[in-house]
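S.K.: Can you look at this prediction? I've put the sequence above it.
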Amino acid sequence: MITYVLALLRIWFDIIRLRKGPDAVPRSPVVFALAVALWLASGITLVLMFERFDMKDFIVGVLTSVIGLVCYAAILNFFARAERLLQTLSAIIGCGALLTIAFAAGSVLLTPLVGAGLTGNIVFLVLLWSVPVEGHIISRAIDQHFFIGLVFALAVLFLQLYVDQVVNPLEAY
């Protein structure tokens, strides 16, 4: 079992580095469940590690993520690639979990070395990398050029940011 999980983590890491696509992820409800469990655990870890995050942030994050996944499912259906849905969503969720873990680890490890300001910029770039990763995953899932997938990923990101702002508006200072 541990060997299987390590192989899966290696696949997700290769997808994050844009070396593999969602087709490398096994088409399995168990893999999907592992991805979701890792993603939820990484989100809860953020809430527990950082006082600036609370359960409301976690719930809004789950909501916006589900909206993004529904959008990606619709894109796959539009391009007649519904058979790739389980692999694609497993790839998006698994890679998102690994990037969230990298965000948390980078925050903890880099802050004492380079300070909070530079660390914030570095870990923001880690999270920003999720956009080309999702674009890569979608482009491979629908057999289109990377830039088509990137446009879809940006559109989904803007929709998620809009929903986040509606549900959780910033307070005026």
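M.R.: That came through, no problem.
S.K.: so where's the longest helix in this structure?
M.R.: In the chain, with assignment by DSSP state H, the single longest helix is helix 85-114.
S.K.: what is the mean pLDDT for that helix?
M.R.: On average, the pLDDT along helix 85-114 is 92.
S.K.: same for that helix, what does it pack against?
M.R.: helix 2-16, helix 29-49, helix 55-78, helix 116-128, helix 130-141 (3 or more CB pairs under 8 Å, 6 or more residues apart in numbering; DSSP states H and E). The way it works is simple: take the backbone N, C-alpha and C, and place the C-beta from them, glycine included.
S.K.: can you tell which of these is closest to residue 164?
M.R.: helix 55-78 (5.3 Å; CB to CB).
S.K.: any residues touching the closest one, and which ones?
M.R.: 39, 43-44, 46-47, 82, 84-85, 88-89, 92-93, 96, 134, 138, 141-142, 152, 155-157, 159-160, 163-164, 167-168 (CB atoms under 8 Å, 6 or more residues apart in numbering).
S.K.: Ok, stretch 19-34 next?
M.R.: Residues contacting stretch 19-34 (CB under 8 Å, 6+ apart): 5, 8, 11-12, 14-15, 84, 86-94, 136-137, 140-141.
S.K.: switch to 10 Å and redo it
M.R.: Under the criterion CB atoms under 10 Å, 6 or more residues apart in numbering, residues 4-5, 7-15, 35, 76, 83-95, 97, 136-141, 143 lie in contact with stretch 19-34.
S.K.: give the contact list for residue 47.
M.R.: Counting by CB under 10 Å, 6+ apart, residue 47 has contacts 53-59, 61.
S.K.: One more pass at 8 Å, please.
M.R.: Contacts of residue 47 (CB under 8 Å, 6+ apart): 53-55, 57-58.
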